[in-house]
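Chemist: Here is a sequence with its predicted model. Questions after.
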Amino acid sequence: MNIINFTPLSAFVGGITIGLAVVVFFIGNGRLAGISSITDNFLTSKEGRGDNFLFLVGLVVGSIIFSFSTTNEIPFLITNSLPLIIAGGLLVGIGTKVASGCTSGHGICGIARLSLRSVIATVLFMVTAILTVAIMGIK
């Protein structure tokens with residue numbers, strides 16, 4: 001089954017919303033809104049745990065609210081192999097630590113700051129994703 005998910009209007013609105021959220025977070029906290037850094041700070045730092053916690057809760061609650069508010073279901077295929085999910089999560093965690101950030105930190109905040117390191121990291125993230133899709137034959 002070939003399904004085309006070309007939704008430029010919702011993608012544009014989503015991009016604007018994410019950009020505004022990053023700006024509001026930066027103005028309110030003086031920090032960038034990279035998810036891996038916020039998670040790491042929440043788990044390892046004693047300072048700023050409250051706002052990190054609220055940010056992470058907002059991600060979960062926002063996703064739940066969205067799931068109940070939409071009638072459009074986007075079909076996707078994901079494995080139900082628990083070992084594969086755990087291994088994937090560990091690899092993502094290691095990768096974000098090695099890259100000093102994730103796609104949200106580098107791709108949204110870093111590129112906006114014209115950081116060469118973030119541009120290179122984001123290009124590597126995207127090339128890896130494209131190769132993974134090509135190798136796995138995901139449609």
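Modeler: Looks like it came in fine.
Chemist: Compute the distance between the residue nearest the centre of the chain and Ala87, please.
Modeler: Central residue check for the chain by Cα atoms, centre = their mean: the C-alpha nearest the mean position is that of Ser104, 4.9 Å away. Here the criterion is Cβ to Cβ, to the nearest Å. By it, Ser104 lies 22 Å from Ala87. The C-beta positions use only the backbone N, C-alpha and C, and glycine is treated the same way.
Chemist: now swap in Phe12 and tell me
Modeler: Phe12 sits 35 Å away from Ala87, going by Cβ to Cβ.
Chemist: where's the host helix or strand of Phe25 relative to the chain centroid, distance-wise?
Modeler: Under the assignment given by DSSP states H and E, the secondary-structure element containing Phe25 is helix 8-29. Mean-position distance between helix 8-29 and its chain equals 13 Å (Cα atoms, centre = their mean, to the nearest Å).
Chemist: How about stretch 34-42?
Modeler: That offset, for stretch 34-42, works out to 11 Å (Cα atoms, centre = their mean).
Chemist: what residues does stretch 83-91 touch?
Modeler: The set of residues external to stretch 83-91 that reach it, using Cβ atoms under 8 Å, 6 or more residues apart in numbering, is Thr79.
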